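# Task: produce atomic coordinates for the following.
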Amino acid sequence: MQRKFRLTRSSDFKRVRRTGKSYAHPLVVLVTQASEAPRVRVGVTAGRSVGGAVQRNKAKRLLREAMRPLLPDLLPGWDLVLIARSALIPTSLLETRQVLTSLLRRAQVISHTNES
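Model (predicted):
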């Protein structure tokens, strides 16, 4: 995922987590917050409950890669935080992408052009 599409500041993560709306799934939690930015920004995090550093980094890489092809379909003006859960580690890229798509539809931040 390109840097311009990432949330990088700790203050941005805290703002989205504190005031955003969350959508939960057994594999990942999505937190959304409207923003004034002209594009979507996505932050990815994994807590210690996911596992050690290797497992946390693997979970974050998996979420970033699953999110990358979905970025053009997202509506502009949203900040998103993806929080990995421990059940995410053994899942495939395809399954992760399907979970993210369903969460984004529930949150109504994905365009309806690719609904099939």
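# What count of nearby residues applies to the residue lying closest to residue 83 once chain neighbours are set aside?
Excluding the flanking residues, the one nearest residue 83 by CB to CB, 6 or more residues apart in numbering is residue 29, at 4.2 Å. The way it works is simple: take the backbone N, C-alpha and C, and place the C-beta from them, glycine included. Residue crowding around residue 29 was assessed by other CB atoms under 10 Å; the count is 17.
# show me what contacts residue 101?
Applying CB atoms under 8 Å, 6 or more residues apart in numbering to residue 101 gives the contacts 70, 110.
# hang on, the earlier thing: can you tell me the element the residue nearest to residue 83 falls in?
Applying DSSP states H and E as the criterion places residue 29 in strand 28-34.
# from the middle of its chain, how far away would that strand be?
Taking CA atoms, centre = their mean, to the nearest Å, one finds strand 28-34 lying 7 Å from the centre of the chain it belongs to.
# middle-most residue in this structure, spatially?
residue 82 (3.2 Å; CA atoms, centre = their mean).
# Show me what that residue is bridged to.
Following DSSP bridges, residue 82 is listed with bridge partners residue 30, residue 44.
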